[in-house]
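Undergrad: Next input, structure requested:
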Amino acid sequence: MSEVITHECPNCGTETEFYQAASMQVHIGEKVKWHCWDCDYGFVRIDETVDTSKATA
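TA: Residues are numbered from 1 along each chain as shown. Presented below is the predicted three-dimensional model:
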């Protein structure tokens with residue numbers, strides 16, 4: 001997995017680069033923490049199972 005991704009940042013209001021702050025293997029897959037270079041907004045992804053950057057209804 002790349003250590004940098006492009007993703008929409010809700011704090012900056014634009015698509016920007018995020019750096020991989022941490023990763024570890026958990027029972028449901030690889031947990032990766034991403035942070036925005038500009039404002040330090042962060043989110044977590046666990047394989048295709050969890051993505052905290054997506055809003056829930």
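Undergrad: Excluding chain neighbours, give the residue nearest to Ile28 in space.
TA: Thr49 (5.3 Å; CB to CB, 6 or more residues apart in numbering). In this view, the C-beta of every residue, glycine as well, is placed from N, C-alpha and C.
Undergrad: how close does that neighbour sit to His35?
TA: Shown here: Thr49 relative to His35, a distance of 20 Å by CB to CB, to the nearest Å.
Undergrad: Please apply the same query to Ala22.
TA: Look at Ala22 and His35: by CB to CB, they are 9 Å apart.
Undergrad: Show me what the helix or strand hosting Ala21 is packed up against.
TA: For Ala21, the element it lies in under DSSP states H and E is strand 14-26. When contacts are defined as 3 or more CB pairs under 8 Å, 6 or more residues apart in numbering; DSSP states H and E, strand 14-26 sits against strand 4-9, strand 29-36.
Undergrad: Give me the sheet partners of that strand and which way each runs.
TA: Paired with strand 14-26 in the same sheet, following DSSP bridges, are strand 4-9 (antiparallel), strand 29-36 (antiparallel).
Undergrad: contact partners of that strand?
TA: Contact partners of strand 14-26, identified using CB atoms under 8 Å, 6 or more residues apart in numbering, comprise 1-9, 30-38, 42, 46.
Undergrad: ok, what's across the strand from the residue nearest to the spatial centre of the chain?
TA: Residue closest to the average C-alpha location in the chain (CA atoms, centre = their mean): Trp34, at 3.6 Å. Trp34 has these beta-bridge partners by DSSP bridges: Gln20, Phe43.
Undergrad: wait, isn't it in contact with Gly42?
TA: Yes - Trp34 lies in contact with Gly42 (CB atoms under 8 Å); the separation is 6.3 Å.
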